[in-house]
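[1] structural data only, the sequence is not supplied:
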């Protein structure tokens, strides 16, 4: 890791050494050995103090950089965990609405178009918990993830209610005898898909930002 202040330090050190050597040589030519030795001791002490200050500053800076790197690493782990939780929600959602979960023998809450106690609700709650952890680890300007998870949960609940209404209403057909897709459900499906993609895209963006060197 390169120190951005290194060139300036070495230039200053070279200038101090050059000036000290020139002055010391001038005193030597004037045959004032005692003054030359006193000046040499003072210059050595000054250089030693400067070296200690530079080493201390470099040590503090290195410690701060390492701390930022550790924080960045921990934040990226939270981002990845959030992406895993989001993938879990996506998988369970597909199974719940279009696969094996939407079958006879459902609970009373499911029967009434609610998500209470369902695998989808559990996966959404896990996502909310993960998003809350991510929000706490990020600056205030980036704390939007819990709101995103709540938005997904609201869309899922609306779809469950719409699906319940479709299950217990007359199914309509078009002129050629094909089943018509309910417009409200179609809008909700599109909203869910768009929200999911936006959520995932925003996670990728913030992951790339925290992947930059500290």
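    Ah, there it is. The shown structure was predicted, so the numbers you read here are calculated from the model rather than taken from an experiment.

[2] can you map out the helices along the chain?
    For the chain, the helices defined by DSSP state H occupy 6-29, 33-98, 108-111, 119-137, 145-167, 183-210.

[3] looking at the ones you listed, which one has the lowest mean pLDDT?
    Taking each of the helices of the chain in turn, the lowest mean pLDDT turns up on helix 108-111, with a mean of 55.

[4] what residues of stretch 118-137 count as buried?
    Applying a neighbour-count criterion of 16 or more other CB atoms under 10 Å, one finds 118, 120-121, 123-124, 126-128, 130-131, 134-135, 137 buried in stretch 118-137. For every residue, glycine as well, the C-beta is placed using N, CA and C.

[5] name the nearest of the residues you listed relative to residue 64.
    Proximity of the buried residues of stretch 118-137 to residue 64 was ranked by CB to CB; the top entry is residue 137 with 18.2 Å.

[6] my read is that that closest one contacts residue 72, right?
    No: applying CB atoms under 8 Å, one finds residue 137 not in contact with residue 72, separated by 10.3 Å.

[7] sorry, back to before: and the buried residues of stretch 118-137, which is closest to residue 155?
    Proximity of the buried residues of stretch 118-137 to residue 155 (CB to CB) peaks at residue 124, which lies at 10.1 Å.

[8] from residue 193, how far off is the closest residue in space to the closest one that isn't next to it in sequence?
    Take residue 124 and drop its neighbours on the chain: the residue closest to it by CB to CB, 6 or more residues apart in numbering is residue 153, 4.6 Å away. Residue 153 sits 15 Å away from residue 193, going by CB to CB, to the nearest Å.

[9] looking at these two, which one has more neighbours?
    Regarding residue 153 and residue 193, a neighbour count based on other CB atoms under 10 Å identifies residue 153 as having more, with 19 against 12.

[10] and the protein, what are its domains?
    Following the assignment in automatic domain parsing, the chain carries domains at 6-64, 73-210.

[11] okay, residue 68 and residue 82: tell me how far apart.
    If you measure residue 68 against residue 82 using CB to CB, the figure is 21 Å.

[12] and residue 60, how far is that from residue 165?
    Distance, residue 60 to residue 165, by CB to CB: 64 Å.

[13] so between those two, which is more surrounded?
    residue 165 (13 against 10).

[14] for residue 124, see how far away the more buried one is.
    Applying CB to CB to residue 165 and residue 124 gives a distance of 21 Å.

[15] then residue 68?
    With distances taken as CB to CB, residue 68 is found 33 Å from residue 124.

[16] what about the closest residue in space to residue 188 that isn't next to it in sequence, neighbour count?
    If you skip the residues right next to it in sequence, residue 188 has residue 159 as its closest partner in space, 4.8 Å away by CB to CB, 6+ apart. Here the neighbour count serves as a burial measure; for residue 159 (other CB under 10 Å) it reads 22.

[17] hang on, residue 159 packs against residue 186?
    No: under the criterion of CB under 8 Å, residue 159 makes no contact with residue 186, lying 10.7 Å away.
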